[in-house]
Structure formats: C-alpha cells, structure tokens
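build me a model:
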Amino acid sequence: MVTLLCGACSDAVEPPEQAARLVPVVIGQLETPEIREASGLARSQKTKNVLWAINDSGAREWVHAIGPGGKRLGEFDLKKSENRDWEDLASFVLDDTPYLLIADIGDNDAKRKKSTLYIVEEPDVEKKAKARVSWKVEFKYPDGPRDAESAAVDIENERVLVLSKRDIPPVLYELPLRPGDDKKKTAKWLGTIRSLPPPSRQDVEFAPKTNDWYWQPVGMDISADGRAAVILTYRAVYYYTREPGQGWFEALNQRPRRVSIGNFRNAEAIAFATERRGVIVTGENRHSPILFINFAESAEQ
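Residues are numbered from 1 along each chain as shown. Predicted coordinates for the structure are as follows:
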C-alpha cells in the first residue's frame, strides 16, 4: 500500500515538493457534486491551469471544467451527442485550434454494434457554456465488440489509440482522427500490449468475488509533445517514453516506469498536467481525491 502525501491544494498545475520521489500526492478533491463518476480527464489546451472531466454512463452530456485542486470552474452541455458510456477524454491542438475528444467506448457486456468518438472545439471556461460536436467518428472493432475505457490522441499522426479493458493482455487499436468519407469505420488492430503485468489465474478466478480487477487498464493519455504516454490501471500508473520515429505500439510494449496508487481502487481518470512532467489522477466517487505524480526525472531520461 502506498501512503498518499497531502500536498497543499492549488489551482496551479505545479508539482508539490513531495512529488519528486514518484509518490502520489493528494492535491485536492472534486468539489463539483455533479461529477459523481469521473471516467475521463484532460488538460485544457486553451486555458492555463484548467482540467476537463466527464462522467460515466447514465449521466447527462456535460463536460466539466475544474482547477487542478478540484474547484468548479464551469461546464458545457455537448449538443448533438449521447452519453451511452463515456469512458475517456483527451485534448489536442489541430490546425492551431484546441479540441476535446470524448470517447463513448464503454461496453461492459460487449454487445454494442458501434462506438463513437466525439470531437468538439474547446470552448471558453464559463458557467453553462455552449458547445456542439465538431465531428464524430463512429467505428466497430475488427474482432467483435470490445469494452474499452482508454483512449488517447496521437496528434503527430492524426490517429486515436483505443486500448481494450477486458482482454488479457489488452489489445491496442487505431482509428483516424478525422472522419473522412466513411461514415462508419473499422478500427485497425495493432496488437497486444504485454508491458502491463498480467493477472494470475487465481486473480482472474476470484475477481468476481473480490471485485478486484487491478490489472485492467481504465485510462490513457499522450503528452502534448508526443514524447510520453501514461496508462492507468486500478492499481498503478505506467509511464512510457517514445523515441522520434518510433510507433506507439512499439513504445507501449517497452518496459514502463510504474507508480503504485495504493488502495485508490476506483481511480479511472488520468491526464498529463504539464508537457511531460506531471500526471493527474482521480476516480469515480463524489468528491474523489485528486492525485499528482511528478515524472520529471523520467522525462529527462
């Protein structure tokens, strides 16, 4: 178990001094009561020291703006969208315009015929802001329906990466960021990610009884400069770096830097808070704590 150090709550995305040891530091908690199941998190590409968050399935189509310490800053209702099972959130800049990607990719029973990626131009932060879907990408998997909670934007190649949740090992898929001429697309199967520790046969057998699926990936993000990525499981954060010209499938199969998040079992949302320096994690509980992990040393390697 990891002891979570208590840092001072702040609305600036700066690493607390304690975070230098790669120990998760509590920097705040979600103050907005409407964020009751935070399944996705993304750093604003438009406004400094702002994070965006979404709720899991069953919630309205709202995207919430918060400070790094959890303070409510605003929200917007995403028109022309449906929250069947929103599971991840990403931010990126395309043609000098900041965007958010909402990944409606959850499928607990593996029955959905299609999943949807919604892309919206990032609005200003204000109470009850207005926003509409800029475009969407509807897709299916080449090997049948999949449950997924992890999506990230590879802006260098204008691709979206989706990592399955329940496969052992998880499978990485790829989709174009722009919709193109095909209204419905089939994701490209890239292969399995074997860098994440697999569960034992006993762990898998007892998981339905213990409700401990610690090995499953539940969030992913790629840094704005395309040099680093993180994958969140129910037990830990895995940090990867990528060399120039290296593909993400190869990079994500290298040995990562692992940081335990201890008993924070409902953690489901992760995002880079800075270029490659800091990572923020939160979970699917009302007033969930917000953790900061400083990967500065890893980024310099």
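
so in the chain, which helix runs the longest?
helix 201-210 (DSSP state H).

list of residues touching that helix?
168, 199, 212-215 (CB atoms under 8 Å, 6 or more residues apart in numbering). From N, CA and C alone the C-beta is placed, and that goes for glycine too.

top of these by neighbour count?
Neighbour counts for these peak at Trp215, which has 21 neighbours (criterion: other CB atoms under 10 Å).

mind checking the SS state of it?
Assigned by DSSP: H, G, I helix; E, B strand; the rest coil, the conformation of Trp215 is coil.

do you know how far the residue sitting furthest away from the middle of the chain is from Asp212?
Here the centre of the chain is the reference, and by CA atoms, centre = their mean the most remote residue is Gln202, at 28.4 Å. The gap separating Gln202 from Asp212 is 11 Å, by CB to CB, to the nearest Å.

that older thread, what mean pLDDT does the longest helix of the chain have?
Averaged over helix 201-210, pLDDT sits at 95.

other SSEs contacting whatever helix or strand comes next after it?
Counting by DSSP states H and E, the element after helix 201-210 in chain order, helix or strand, is strand 217-222. Using 3 or more CB pairs under 8 Å, 6 or more residues apart in numbering; DSSP states H and E, the elements in contact with strand 217-222 are strand 38-43, strand 86-94, strand 148-154, strand 159-164, strand 228-233, strand 267-272.

which strands and helices sit next to the fifth one?
By that I understand strand 228-233. Helices and strands touching strand 228-233, by 3+ CB pairs under 8 Å, 6+ apart, are strand 148-154, strand 217-222, strand 236-241, strand 267-272.

quick one: the last one to strand 38-43, angle?
Put plainly, it is strand 267-272. 10 degrees (axes from the mean of the first three to the mean of the last three CA atoms, to 10 degrees).

who does strand 267-272 pair up with?
strand 278-283 (antiparallel) (DSSP bridges).

just how off-centre is the partner strand within its chain?
9 Å (CA atoms, centre = their mean, to the nearest Å).

ok, residues contacting it?
13-15, 19, 24, 27, 30, 38, 41, 43, 51, 53, 68, 219, 221, 230, 232, 237, 239, 261, 264, 266-273, 288-296.

and the residue farthest from the centre of the chain, how far from Thr210?
11 Å.

hang on, Val50 packs against Ser44?
Yes: the pair Val50 / Ser44 is scored as a contact, 3.8 Å apart, by CB atoms under 8 Å.

overlap in contacts, these two.
65, 125.

if we can go back for a sec, closest one to Trp135 among the helices and strands packed on strand 228-233?
strand 148-154 (13.6 Å; CB to CB).

how close does Val171 get to Ile193?
Val171 is 7 Å from Ile193, by CB to CB.

shared neighbours, these two?
Leu163.

re earlier: which among the helices and strands packed on strand 228-233 is found nearest to Ser81?
Using CB to CB, the helices and strands packed on strand 228-233 put strand 148-154 closest to Ser81, at 15.2 Å.

contacting residues around the closest one?
39, 87-88, 90-92, 101, 103, 105-107, 115, 117, 159-165, 177, 217-222, 226, 229, 231-232, 248, 268.

in it, what counts as buried?
Residues 148-154 are the ones in strand 148-154 that count as buried (16 or more other CB atoms under 10 Å).

do stretch 223-239 as well
Those would be 223-224, 226-239, for stretch 223-239 by 16+ other CB under 10 Å.

end-to-end on that stretch?
End-to-end distance for stretch 223-239: 11 Å, by CA to CA, to the nearest Å.

off-centre distance for that stretch?
For stretch 223-239, the distance to the chain centre is 9 Å (CA atoms, centre = their mean).

run a quick neighbour tally on Ile290.
Counted with other CB under 10 Å, Ile290 comes out at 26.

that one reaches Pro68, doesn't it?
Yes: the pair Ile290 / Pro68 is scored as a contact, 7.0 Å apart, by CB under 8 Å.

quick check: neighbours shared by the two?
The contact lists of Ile290 and Pro68 share 27-28, 280, where a contact means CB under 8 Å, 6+ apart.
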